[in-house]
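> sharing a model that was predicted from the sequence below.
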Amino acid sequence: MVNSIHNYMSDVKEKIEQEMKRALTDVNAPANLKSSMQYSLLAGGKRLRPILMMASYHTFQSQSDKVLKSAVALEMIHTYSLIHDDLPAMDNDDYRRGELTNHKQFNEATAILAGDALLTHSFELVANDALLTSEEKVYILKELANVSGPEEMIAGQMLDVEGENKTLNLNELEEIHVHKTGALIRFAIMTGAYLGHATKDQIQHLNDFAYYLGLIFQVQDDILDITGDPEKLGKPVGSDTENEKSTYPSLLGLEGAKQKKAAYTNKAEAALELANAKDSYLKELLHVFGQREY
């Protein structure tokens, strides 16, 4: 690779941050609502999903502006989900990314509406993207609605809520995270590949790669809730135990969770090789996901 993966991530993140600021600049919304949207969307974060979309696109094409607004739309939906996850009726968290959660900074009603606004504005952003063809817009809007809707991300969130204070088995735990965490990750990778004109076979193999990548992300998340540094994470550790949630470490033990992550990693690498993308940034991002500290 010409650039290290960390330089690549930094460069893409900077482009995403600039585009996100532009995306909300002209929104004609009540001042408090707009401030609440900006507060959470521009509050930092790893921007891993947009970076994955860019990396998937760059596996097949070099020019990246075509992906930019779709990547920002994805991050808007991710941010909306975090705002709602933090609410008292859900995870009841006080801090996100080292700052007060949206409902603590503003209030519950404003936080709910800011989340709703980010979700719906994401679709407008894609629909107005002058760099996409009508066919591409229809594809992306359909897929974006699916992964953020009742069969995917929202399904995962519902299963997660229903699984609290219960001991889930491994299959039930995977089912939650394939939808709750994995859906947007799969969308990122599939959309990048689609816009990059990957073949149908390549897209299918990358779908398999994304499936395991989403699980790797969640296993590491569960591990960090036990072993992580609260300052790096931007939130307290131990919340899963406190909320009596089933996690990979609670089911398999800490070492068992690490072994499961290694097994997922092997499967993700195999899928990436079948997609003829083993020398791409996606390969390096796989290890970033699995070894992240925050």
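Cool, the structure landed.

> chain center to the helix or strand containing Asp221, what's the gap?
Here Asp221 is covered by helix 200-227, with elements defined by DSSP states H and E. On the basis of C-alpha atoms, centre = their mean, to the nearest Å, helix 200-227 sits 11 Å off its chain's mean C-alpha point.

> packing partners for it?
If contacts are counted by 3 or more C-beta pairs under 8 Å, 6 or more residues apart in numbering; DSSP states H and E, helix 200-227 sits against helix 48-58, helix 170-180, helix 182-195, helix 239-242, helix 248-274, helix 281-291. Every residue, glycine included, has its C-beta placed from N, CA and C.

> out of these, nearest to Phe209?
Proximity to Phe209 (C-beta to C-beta) singles out helix 248-274 among the helices and strands packed on helix 200-227, at 4.0 Å.

> circling back: which one of the helices and strands packed on helix 200-227 has the lowest average pLDDT?
By mean pLDDT, the lowest-scoring of the helices and strands packed on helix 200-227 turns out to be helix 239-242, with a mean of 66.

> between the helix holding Asp221 and helix 48-58, how big is the angle?
Put simply, helix 200-227 runs at 150 degrees to helix 48-58, going by axes from the mean of the first three to the mean of the last three C-alpha atoms, to 10 degrees.

> now the angle from helix 200-227 to helix 248-274?
Interaxial angle of helix 200-227 relative to helix 248-274 (the same axes, to 10 degrees): 150 degrees.

> now helix 200-227: average pLDDT?
Across helix 200-227, the average pLDDT comes to 95.

> do stretch 121-140 as well
Averaging pLDDT along stretch 121-140 gives 98.

> next one: stretch 31-46
For stretch 31-46, the per-residue pLDDT averages 95.

> so what's the closest residue in space to Thr167 that isn't next to it in sequence scoring on pLDDT?
Leaving aside its chain neighbours, Thr167 sits nearest to Ser246 (6.0 Å; criterion: C-beta to C-beta, 6 or more residues apart in numbering). Per-residue confidence (pLDDT) for Ser246: 89.

> what's the burial count for the nearest residue to Asp160 once chain neighbours are set aside?
In space, Asp160 comes closest to Ile176 once its chain neighbours are excluded; the distance is 5.1 Å by C-beta to C-beta, 6+ apart. With neighbours defined by other C-beta atoms under 10 Å, the count for Ile176 comes to 23.

> tell me how many other residues surround the residue nearest to Thr167.
Taking other C-beta under 10 Å as the criterion, the count of residues near Ser246 is 21.

> ok, it touching Leu168?
Yes - with contacts defined as C-beta atoms under 8 Å, Ser246 counts as touching Leu168 at a distance of 3.9 Å.

> on that earlier part again, next, the angle helix 170-180 makes with the helix holding Asp221.
Here helix 200-227 runs at 110 degrees with respect to helix 170-180, directions being taken by the same axes, to 10 degrees.

> now do stretch 206-219: everything it contacts.
48, 52, 56, 174, 177-178, 181-183, 185-186, 188-190, 193, 198, 248, 257, 260-261, 264-265, 267-268, 271-272, 274-275, 277, 282, 286, 289-290 (C-beta atoms under 8 Å, 6 or more residues apart in numbering).

> let's see it at 7 Å
Counting by C-beta atoms under 7 Å, 6 or more residues apart in numbering, stretch 206-219 makes contact with 56, 174, 177-178, 181-182, 185-186, 189-190, 193, 248, 257, 260-261, 264-265, 267-268, 271-272, 275, 277, 286, 289-290, all of which sit outside it.

> among those, the buried ones, what's the ChimeraX command?
What follows is the ChimeraX syntax for the buried subset of these, where burial is set by 16 or more other C-beta atoms under 10 Å:
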select :56,174,177,178,181,182,185,186,189,190,193,248,257,260,261,264,265,267,268,271,272,275,277,286,289,290
